[in-house]
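In: next one to model:
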Amino acid sequence: MRVDHRLLVVLALCMAGTAARAHGEDRLPGGPGWRVEAAAALVASDADGRWPADDPRGVFVTGTRVPDREGDLRLEHGLLALGWRFGPALLEGLLPAGVDNDGLSLRLVAGWHDRDDAHVEAAGLVLPLALDDSHLTLVLGREAVPMGAVIDRAGHLDLYGQPTLAQHATVDDAWIDDGLRLRWDSDARRGLRTLQFGFWRARAFPGGPAGPAAPSVQAQAGWDDWALDLFAARLEPEARGAAARSLGATGHVHGSLDCRRSLQQRVCFDGRSSLAAASLAWQPAGRPWQAAAAWMWRREAGALYSREAEVAWDGRTQGGWLDLRWTPRPGWTLGWRGERLVPRHTLTGAGVATIADDAGLADAAPTTRHTLALGWTLRPGWQLTLETGRQRTAAAGASAAMTTDHVALRLVVDGMAWEGDRP
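Out: Sure thing, here's the model as predicted:
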């Protein structure tokens, strides 16, 4: 069995720290000072084909195949986060009366997937502000665009080992971009809880190498144990390229190819891209059951082109999932996730067959996935999970149905942290 040396390094860091499970903006010091945090998911799997399976027919993202993790012990996802928080005195006298600040923070989060190169998942400034009965947070820099609690938590360092079909098909697992975001939070348990607006460079998928900046809006409303999240964004990518399916490119990327530089073995898109998402979560206090459901949708309209042809494209991709979890006793979690993805595309013009084949749009058909997972918490922040699942794409046109079964043993460590006061 081959073991990636980076896997051992991240695991060693995790073993040295103390448990402090956190996500997003929580990977920052609680007070003035510094914080270093490491997290990792290790996986050993067996499948009757490539795992994770190739993109289902009808899914058009970056054209790269996820590396086959079947067999060996691999680093599914690793994170190293660095944070520094200044004291409130830094901004005294600069803010309006009645607005308190909790200290400006700097953050840098690097990520790894399997044997791919490291990439920056988050970097920039975070400024939390306290009002009389609510809170504001200003974020400047790179981060995963927030789409709601259920969607943001799914797919990475999760009970399950894969991003959902809907996440992959609409935003290529996660939309990580540079931008400015303003978030408002209320302390109320009923009514509007969160409202945030973002403005993004849109240089990462589903954006492109060129095109205007993109706005987004996300809101959460709640009623005691229930939470409803809504999200929308609009982009106008230009020269956004994907590797032709016949090329067989592999790797984990958050960007896209630049069609201004070359059209060789690429399928390119200029047009409009609209995103929408909704999720509902039920987390009753003191009960062993949790339930969540989510839906994601992407519509793109414009020109698809390559060196050989150009066509008009109207594509709609939508998918969703239902997640049920049961905690029969402390430290044990049994979960089931059921997913469905439905792509629909209309192409018109000369060269439709060529473009459809290169983009992977030919014989688009619904795909389903069912996954059952059992998680055991070894110690705070450490979870061992065993999962089994089946993914099936229906037959369509000249293409037969495709089915992939898998079983995987995973160790998820999130997140081991070291903190200290300012020197």
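In: where exactly do the strands run in the stretch 201-350 of the chain?
Out: 214-223, 226-235, 240-243, 257-258, 266-282, 289-305, 310-329, 332-348 (DSSP state E, counting those that start in this stretch).
In: pairing partners for the last one, with directions?
Out: According to DSSP bridges, strand 332-348 forms sheet pairs with strand 310-329 (antiparallel), strand 367-379 (antiparallel).
In: in it, which residues are buried?
Out: Under the neighbour-count criterion of 16 or more other C-beta atoms under 10 Å, strand 332-348 has 333, 335, 337, 339-343, 345, 347 buried. C-betas here are computed from N, CA, C, even on glycine.
In: can you check stretch 114-133 too?
Out: Neighbour counts over stretch 114-133 (16+ other C-beta under 10 Å) mark 114, 119-124, 126-129 as buried.
In: next: stretch 409-422.
Out: Neighbour-count burial for stretch 409-422, with 16+ other C-beta under 10 Å as criterion, is recorded at 410-417, 419.
In: centre of the chain versus that stretch, how much separation?
Out: Stretch 409-422 has its C-alpha centroid displaced from the chain centroid by 20 Å (C-alpha atoms, centre = their mean, to the nearest Å).
In: swap in stretch 142-153?
Out: Centroid separation for stretch 142-153 versus its chain: 7 Å, with C-alpha atoms, centre = their mean.
In: could you number the chain from 162 rather than 1 from now on?
Out: OK, 162 is where the count begins now, so the last one is stretch 303-314.
In: now do the end-to-end distance for it.
Out: Start-to-end span of stretch 303-314 (C-alpha to C-alpha, to the nearest Å) is 18 Å.
In: all helices of the chain, in order?
Out: For the chain, the helices defined by DSSP state H occupy 166-177, 310-314, 326-332, 513-520.
In: and these, which one's lowest on average pLDDT?
Out: If you rank these by mean pLDDT, helix 166-177 sits at the bottom with a mean of 50.
In: quick one: contacts for L547?
Out: L547 is in contact with 534-535, 568-571, counting by C-beta atoms under 8 Å, 6 or more residues apart in numbering.
In: burial of the residue lying closest to G558 once chain neighbours are set aside, as a residue count?
Out: In space, G558 comes closest to D524 once its chain neighbours are excluded; the distance is 3.8 Å by C-beta to C-beta, 6 or more residues apart in numbering. By the measure other C-beta atoms under 10 Å, the count of residues near D524 is 17.
In: out of everything not next to it in sequence, what's closest to D313?
Out: Leaving aside its sequence neighbours, D313 sits nearest to P307 (C-beta to C-beta, 6+ apart; 5.7 Å).
In: again with D346
Out: Among residues not flanking D346 along the chain, H296 sits closest, at 4.6 Å (C-beta to C-beta, 6+ apart).
In: likewise for L436?
Out: A394 (4.5 Å).
In: that neighbour pairs with what?
Out: Beta bridges link A394 to S377, L436 when assigned by DSSP bridges.
In: tell me the contacts of it?
Out: 306, 359, 361, 375-378, 435-436.
In: could you measure from G194 over to E399?
Out: 44 Å (C-beta to C-beta, to the nearest Å).
In: Q444 contacts Q451, correct?
Out: Yes - with contacts defined as C-beta atoms under 8 Å, Q444 counts as touching Q451 at a distance of 5.2 Å.
In: chain center to stretch 291-308, what's the gap?
Out: Per C-alpha atoms, centre = their mean, the centroid offset for stretch 291-308 relative to its chain is 18 Å.
In: what about the stretch 412-561 of the chain, any weak spots by pLDDT?
Out: 412-415 (pLDDT under 70).
In: could you rerun that using 90?
Out: Residue ranges of the stretch 412-561 of the chain with pLDDT under 90: 412-417, 446-447, 512, 557-560.
In: leaving out sequence neighbours, find the closest residue to S467.
Out: S467 sits nearest to V428 (C-beta to C-beta, 6+ apart), 5.3 Å away.
In: circling back: can you check the pLDDT for the residue nearest to D346?
Out: pLDDT, H296: 90.
In: list the contacts of it.
Out: So H296 contacts 289-290, 345-346, 348 (C-beta under 8 Å, 6+ apart).
In: cool, and W195?
Out: 243-246, 580-581, 583.
In: distance of it from A452?
Out: 38 Å.
In: next one: S560
Out: Distance, S560 to A452, by C-beta to C-beta: 35 Å.
In: coming back round to it: format the buried residues of strand 493-509 as JSON lines; extra columns: distance to S417.
Out: Formatted as JSON lines, the buried residues of strand 493-509 follow (distance: C-beta to C-beta, whole Å):
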{"residue": "T494", "distance to S417": "36"}
{"residue": "G496", "distance to S417": "33"}
{"residue": "R498", "distance to S417": "28"}
{"residue": "E500", "distance to S417": "24"}
{"residue": "R501", "distance to S417": "26"}
{"residue": "L502", "distance to S417": "20"}
{"residue": "V503", "distance to S417": "23"}
{"residue": "P504", "distance to S417": "18"}
{"residue": "H506", "distance to S417": "18"}
{"residue": "L508", "distance to S417": "20"}
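In: among those residues, which one sits closest to G481?
Out: In terms of C-beta to C-beta, no member of these lies closer to G481 than R501, at 6.4 Å.
In: thinking the closest one is in contact with Q479, fair?
Out: No - between R501 and Q479 there is no contact under C-beta under 8 Å: 9.2 Å.
In: please enumerate the strands of the stretch 162-311 of the chain.
Out: 179-180, 194-208, 235-246, 261-262, 266-273, 280-291, 295-305.
In: by mean pLDDT, show me the worst of the ones you listed.
Out: Taking the mean pLDDT of the strands of the stretch 162-311 of the chain, strand 179-180 comes last: a mean of 42.
In: so can I have TSV of the strands of the stretch 362-511 of the chain showing distance to E253?
Out: TSV is the format used below for the strands of the stretch 362-511 of the chain (distance: least, C-beta to C-beta, whole Å):
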stretch	distance to E253
strand 375-384	31
strand 387-396	35
strand 401-404	45
strand 418-419	45
strand 427-443	38
strand 450-466	42
strand 471-490	45
strand 493-509	45
